[in-house]
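J.: next come a sequence and a model predicted from it.
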2 protein chains.
Amino acid sequence: MMSEFQKTKKTTITRLPKRGTYDKEIIYSILDEALYCTLAFVQNNQPSQIPTGFCRIDDKLYIHGSVGSYYMRELAEKKLPVCIAVTHMDGLVLARSAFHHSVNYRSVIIFSSPQIVEDENELYTALEIFTNKMQPGRWDDIRKPNKNEWKKTMVLSFEISEASAKVRTGPPKDDDEDYELDIWAGVVPLQTNRLAPIPDSRLKAGVALPEYLK
Amino acid sequence: MMSEFQKTKKTTITRLPKRGTYDKEIIYSILDEALYCTLAFVQNNQPSQIPTGFCRIDDKLYIHGSVGSYYMRELAEKKLPVCIAVTHMDGLVLARSAFHHSVNYRSVIIFSSPQIVEDENELYTALEIFTNKMQPGRWDDIRKPNKNEWKKTMVLSFEISEASAKVRTGPPKDDDEDYELDIWAGVVPLQTNRLAPIPDSRLKAGVALPEYLK
């Protein structure tokens, strides 16, 4: 298994290249932590994009949607080229100068194109991994899709082969002379938290909160 | 002041239209709470996108970057049409059936094109509001950009006139017969938190944490 994606013209990072990486492990960890991506495509020479949930299995990224969704059908039928982005904002970087203010982040950009997933096993696995990514442990607990629901669901896969990441970590970097200023500088970390689950008001009496949600 | 954006072919929501809104106040509140957007554009008929910080002032959205940034220059010189997206993930919606799993979210999609900001007053205001959006109270505290730093900074504005939002809130909606199942259902709220500030290791002795960071 290769450990780095090959750079292409599209994925080569030209701005602040020292923040760029093509490392597969880093790229996959950024993808696997994210709850959604934005998927950009071109229609009538106009850019368009849509935020959507996704999961990754090996070297493929999967999204799903309704067969009634216009953009899913467009993507599937025309095999439109896409650009997929995932971003984590990890912290606000407060420098002494306005100019050096920044953010700590991890982002991935993928260029690819869609394939309709028709193999039943692949469909089922994609939905299971998608659901358990959203909420670990959930899949075994719930009513699985019936025939009619499968008919209404379209799953698209995107090969991950043209991909790059950009990462900033650490403290602010100020100009030498600014370190003498009486200005507070540092990082405000950002964190996405899962709060206490809110039970549905129509929850059946006696159904306890599952272990995986405690 | 109009309170709703006029629907256009591009912004009309066709999938789950009841979640769609063109209300200006809702759209602006979603934008103002977000720390970054993704900006999609077309290059050589290929979709591309980039995550970037932004702020909104009245009916314009502002981004900034280095004059050395390839995509900033491309956008500015060619006035490329863009699609800008902002998304908040507010909660995981755990239904009794796999099929009805969902997320609570608020997202905005804007179609626009860039204008280079050259007016000094507009530049200064955009940077001030951008910085204070990232960290309220910060601008008054820091060293302002000098002439050389201004020269290195490009600010682009995008008129907000073709915009829509999509919002889901509330509990899961299951099929009638599934409410009898012994499956826990509800919502796991998601929240982005600012953690305790981490002072720069090179912080000048005696500089206290500012009030606005406490």
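T.: Thanks, I have the structure now. Everything numeric in this text was worked out from a predicted model, so none of it was measured.
J.: which element is A:Gln191 on?
T.: Element membership for A:Gln191, per DSSP states H and E: strand A:186-194.
J.: can the next helix or strand after that strand be said to contact chain B?
T.: Using DSSP H and E, the helix or strand that follows strand A:186-194 in sequence is strand A:198-199. Yes. Strand A:198-199 reaches chain B (CB under 8 Å from any CB of the partner chain) through A:Ile198, A:Pro199. For glycine as for every other residue, the C-beta is placed from the backbone atoms N, C-alpha and C.
J.: give me the neighbour count for the residue nearest to A:Leu156 when sequence neighbours are not counted.
T.: Residue nearest to A:Leu156 in three dimensions, not counting chain neighbours: A:Pro114, with 4.3 Å by CB to CB, 6 or more residues apart in numbering or on different chains. Applying other CB atoms under 10 Å in any protein chain shown, we find 25 other residues in the vicinity of A:Pro114.
J.: mind listing the helices for chain A?
T.: Assignment of helices within chain A using DSSP state H yields the ranges A:24-33, A:70-78, A:120-134, A:147-152.
J.: what helices or strands is the longest one leaning on?
T.: For helix A:120-134, the packing partners by 3 or more CB pairs under 8 Å, 6 or more residues apart in numbering or on different chains; DSSP states H and E come out as strand A:55-57, strand A:60-66, strand A:153-159.
J.: please list all residues in contact with A:Leu123.
T.: Counting by CB atoms under 8 Å, 6 or more residues apart in numbering or on different chains, A:Leu123 touches A:Val117, A:Trp150, A:Thr153, A:Val155.
J.: make it 7 Å
T.: A:Val117, A:Val155 (CB atoms under 7 Å, 6 or more residues apart in numbering or on different chains).
J.: do the same with the one 5 residues further on
T.: Under the criterion of CB under 7 Å, 6+ apart, the neighbours of A:Glu128 are A:Trp139.
J.: and it, how close does it get to A:Ile183?
T.: Using CB to CB, to the nearest Å, one obtains 51 Å as the distance from A:Glu128 to A:Ile183.
J.: can you check A:Gln191 too?
T.: Taken as CB to CB, the span from A:Gln191 to A:Ile183 is 25 Å.
J.: so which of those two has more stuff around it?
T.: Legend: neighbour count by other CB under 10 Å for A:Gln191 and A:Ile183, higher for A:Ile183 (20 against 12).
J.: the lengthiest strand in chain A: how far from the chain's middle?
T.: Taking DSSP state E as the criterion, chain A has its longest strand at strand A:82-94. Here the centre of strand A:82-94 is set off from its chain's centre by 10 Å, with CA atoms, centre = their mean, to the nearest Å.
J.: quick one: that strand to strand A:186-194, angle?
T.: 130 degrees (axes from the mean of the first three to the mean of the last three CA atoms, to 10 degrees).
J.: and strand A:82-94, which strands flank it?
T.: Using DSSP bridges, the strands paired with strand A:82-94 are strand A:37-43 (antiparallel), strand A:102-112 (antiparallel), strand A:186-194 (antiparallel).
J.: I figured the residue nearest to A:Leu156 hits A:Met154, correct?
T.: No. Judged on CB atoms under 7 Å, A:Pro114 makes no contact with A:Met154 at a distance of 9.9 Å.
J.: got any residues that touch both of these two?
T.: A:Ala76.
J.: ok so, going back, reformat the helices of chain A as CSV; add mean pLDDT.
T.: Converted to CSV, the helices of chain A look like this (pLDDT from 0 to 100):
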stretch, mean pLDDT
helix A:24-33, 97
helix A:70-78, 94
helix A:120-134, 97
helix A:147-152, 96
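J.: bridged to the nearest residue to A:Glu162 once chain neighbours are set aside, which residues?
T.: Leaving aside its chain neighbours, A:Glu162 sits nearest to A:Phe111 (4.3 Å; criterion: CB to CB, 6+ apart). Beta-bridge pairing for A:Phe111 (DSSP bridges): A:Cys83, A:Glu162.
J.: related to what we said a few turns ago, select, out of the strands paired with strand A:82-94, the one closest to B:Tyr124.
T.: strand A:102-112 (19.5 Å; CB to CB).
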